[in-house]
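Visitor: next comes the sequence, and after it the predicted model I'd like to discuss.
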Amino acid sequence: MSAPVIAPSRPRSPLVTLKSVAFSVLGLVAALFIAKYVFHYYLNYNPAVFGDFWPRPRRVALLIHVSCGTVALLTGPWQFSRRLRQRHLGLHRLTGRVYLVAVALGALASFYLACTTTPWAWGFGVAMLGVAWLTTSSMAYYAIRQRQISVHREWMVRSYVVTFAFVTFRILYDYPPTSYLLPEPDRAVAAVWACWALPLLATEVILQLKSMRNRAPQK
């Protein structure tokens, strides 16, 4: 009996390797963000830490927003794993549902916080971040219900870019060089818009360039 022929494994393309590295970096940054900013509320549950958010309705809304944002931040990257989709489709769908529920609850909590905060410019920025979060995620859900897989994937990318805005905001607000720009209230308002609008713009350019590259030229 002849020995079975084992097909040589295909080397990973540079693009796949780059994506793996990118998601690993995003995961690391997200973990550091959660350790520093999210656990801070759970480990220091007192009026001094919560400040204006300590009154019960705002405290509950903040904890829902923070907790659901954390769930979305951690479950989102798994939606882009091709191996998970191919080998464990049921788990892919389950994590997708968890992600969408977390986004919905987190966004609704952000609307309450936006309506009960001052100054109004900050509250409006928070509300619009919630609108972008809910809209991109809803479009991803609608696309998959219509079995538009590629469209669903693109909207999930947009949705996670907005989810990651919570991390981006802290980077823009707390760390040099932007931490030294503008008066503090103005910097906060600028950051709450820039943390999702600029990454989403860059994402849209990348997605459209990819679409144009894959589309046959018209004659």
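Guide: Ah, there it is.

Visitor: so where's the protein uncertain?
Guide: Counting by pLDDT under 70, the chain has low-confidence residues at 1-20, 216, 218-219.

Visitor: can you show me the helices along it?
Guide: 14-33, 39-43, 47-50, 56-75, 82-87, 89-115, 120-145, 149-163, 165-174, 184-214 (DSSP state H).

Visitor: how big is the angle separating the last one from helix 149-163?
Guide: Angle of helix 184-214 versus helix 149-163, following axes from the mean of the first three to the mean of the last three CA atoms, to 10 degrees, is 160 degrees.

Visitor: off-centre distance for helix 184-214?
Guide: A distance of 12 Å separates the centroid of the chain from that of helix 184-214, by CA atoms, centre = their mean, to the nearest Å.

Visitor: remind me what that helix packs against, helices and strands.
Guide: helix 120-145, helix 149-163, helix 165-174 (3 or more CB pairs under 8 Å, 6 or more residues apart in numbering; DSSP states H and E). Yep, even glycine has a C-beta here, placed from its N, CA and C like the rest.

Visitor: identify each buried residue in it, please.
Guide: By neighbour count on 16 or more other CB atoms under 10 Å, the buried set for helix 184-214 is 187-197, 199-200, 203.

Visitor: and Pro176, what does it touch?
Guide: Not one residue lies near Pro176 by CB atoms under 8 Å, 6 or more residues apart in numbering.

Visitor: start and end of stretch 68-88, how far apart?
Guide: Its start and end residues considered, stretch 68-88 measures 24 Å (CA to CA, to the nearest Å).

Visitor: and for that stretch, what's in contact with it?
Guide: For stretch 68-88, the external contacting residues (CB under 8 Å, 6+ apart) are 19, 23, 26-27, 30, 33-34, 38, 91-92, 95-96, 98-99, 102-103, 105-106, 109, 153, 156-157, 159-160, 163-164, 166-167.

Visitor: recalculate using a threshold of 7 Å.
Guide: If you take CB atoms under 7 Å, 6 or more residues apart in numbering as the criterion, stretch 68-88 is touched by 23, 26-27, 30, 34, 38, 91-92, 95-96, 98-99, 102-103, 105-106, 109, 156, 160, 163, 166.

Visitor: just stretch 156-164 next, same as before
Guide: 72-73, 76, 79, 132-133, 136-137, 140, 196, 199-200, 203, 207.

Visitor: could I get those residues as a markdown table with distance to Pro183?
Guide: As requested, the contacts of stretch 156-164 are exported to a markdown table (distance: CB to CB, whole Å):
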| residue | distance to Pro183 |
| --- | --- |
| Ala72 | 31 |
| Leu73 | 29 |
| Gly76 | 34 |
| Gln79 | 39 |
| Ala132 | 25 |
| Trp133 | 27 |
| Thr136 | 31 |
| Ser137 | 33 |
| Ala140 | 37 |
| Trp196 | 22 |
| Pro199 | 24 |
| Leu200 | 26 |
| Thr203 | 30 |
| Leu207 | 36 |
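
Visitor: can you give me phi and psi for Ser81?
Guide: Reported as degrees, to the nearest 10, the phi and psi values for Ser81 are phi -80, psi 110.

Visitor: hang on, I meant Gln148
Guide: With angles defined as degrees, to the nearest 10, Gln148 sits at phi -100, psi 80.
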